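**Q** whatever this is, show me its structure:
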Amino acid sequence: MAMDSNTDQRFTAFLVDAANRSQREAGYNPTLFRQMLGSDGGYRTAVRLLSANKVSDGFEKLWEKGRLDLSVEALILQPEWASYFAQELRSIAQKAIARCGFSSDIARR
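**A** Got it, this is the predicted structure:
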């Protein structure tokens, strides 16, 4: 089920908060991610990142810093948001996290 505009606004704010936390708590400033959120909104940004042929540079940076809980992959798996994403995209997110040795429970931190 796709998001309506009000839900997308809330999701975008949620992702902006995660980007702020990423900078504050992990020392990683996701500049391109912020730009994508500003131009496309949260839902389209998440779908775009999850549909790519490889994980994003941001995912790699957060993995290096031990903060995959702040990745789009983990964030879309949170109960509040998961139902808005197709099973295929949720599976991609779970597999990306698992390949790095983390449980999909990381999303529930």
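
**Q** tell me which residue is most central in the chain.
**A** By C-alpha atoms, centre = their mean, the chain has its centre lying nearest to V72, at 0.8 Å.

**Q** for it, what are its contacts?
**A** Shown in contact with V72 (C-beta atoms under 8 Å, 6 or more residues apart in numbering): 15, 33, 45-46, 49-50, 56, 58-59, 93. C-beta here means a position set from N, CA and C on the backbone, and glycine is covered the same way.

**Q** restricting to C-alpha, output stretch 13-23 in CSV.
**A** Only the C-alpha atoms of stretch 13-23 are listed here, as CSV (Å, rounded to 0.1, in the frame of the first residue of the first chain):
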residue,chain,number,x,y,z
ALA,A,13,10.1,13.8,9.1
PHE,A,14,11.0,10.5,10.7
LEU,A,15,13.8,10.0,8.1
VAL,A,16,15.0,13.5,8.6
ASP,A,17,15.2,12.8,12.3
ALA,A,18,17.2,9.7,11.5
ALA,A,19,19.5,11.7,9.3
ASN,A,20,20.0,14.2,12.2
ARG,A,21,20.7,11.3,14.6
SER,A,22,23.1,9.8,12.1
GLN,A,23,25.1,13.1,12.1
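
**Q** show me the contact partners of it.
**A** So stretch 13-23 is in contact with 28-30, 33-34, 37, 42, 45-46, 58, 62, 67, 70, 72, 75, 81, going by C-beta under 8 Å, 6+ apart.
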